[in-house]
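*Asks:* curious how this folds, go ahead:
(one chain, ligands or ions: 1)
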Amino acid sequence: MKKTVAKEDYLKLIYKIIEEDKKVSVSLIANHLCVGYSSVSNMLKKLKELGWIEYKPYKPIFMTKKGNVIASQIVSKHRLTESFLVNVMGFKIKEVHEIAEEIEHINSPKFFNRMKKIVKDAKTDPHGSKIPNCEF
Ligand SMILES: [Zn+2]
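*Replies:* Model (predicted):
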C-alpha cells in the first residue's frame, strides 16, 4: 500500500468516527483496524506532522481545519464514485465499495468535478450517506 493511501485511510476513518458523533481515540482506531496501539500512535504522529490532526498521548484526538478539508475531499470522492458506479454504470450497491476505496485516492480535480456533474450533484451515496460538498 502506498504511504499516502494509508495516511488518507486513517484520516478518513477519523472523519467517519467524528461523523458518528463518537470520540476519536487510539483504542477505537486500533479496534477498528485490528492493529496494535503502537502502530496507531505512530501513524497519528505522522498525521499530526502533516497538520491534519491534533494529537497528544492519552488526550482526545481532534481534526484540524486542514485535515477536515482533506478528509471531506476523500469521503466525497468515495461517495461520488459509488453514486457514479450505481447510477451511471449500473453496478449493484454491494459491488461498489471496494472500487471506490481505490478511486478515492486519485488526485484529479477535473475527473471528480466531471463525475459530480454527471451524478447531478448527488447529495447522498447509494448507501444513504451524505456526500460532503467540497472543492477538489
Ligand atoms: Zn463505500
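
*Asks:* contacting residues around residue 23?
*Replies:* Applying CB atoms under 8 Å, 6 or more residues apart in numbering, one finds that residue 23 lies in contact with 17, 60. Using the backbone N, CA and C atoms, a C-beta is placed for each residue, glycine as well.

*Asks:* so it is in which element?
*Replies:* In the assignment (DSSP states H and E), residue 23 maps to no helix and no strand.

*Asks:* from here on, count from 666
*Replies:* Taking 666 as the first residue, the last one we looked at is residue 688.

*Asks:* for the protein, give the residue positioned nearest to the ion.
*Replies:* Using CB to the ion, residue 762 is the residue of the chain that sits closest to the ion, at 3.6 Å.

*Asks:* which parts of the helix ranked longest in the chain are buried?
*Replies:* As assigned by DSSP state H, the longest helix anywhere in the chain is helix 730-748. For helix 730-748, burial by neighbour count (16 or more other CB atoms under 10 Å) applies to 732-733, 735-748.

*Asks:* what lies in contact with it?
*Replies:* 673, 676-677, 679-681, 712, 715-718, 728, 758, 761-762, 764-766, 768-771, 777, 780-781, 784, 787, 789-792, 794-799, 801.
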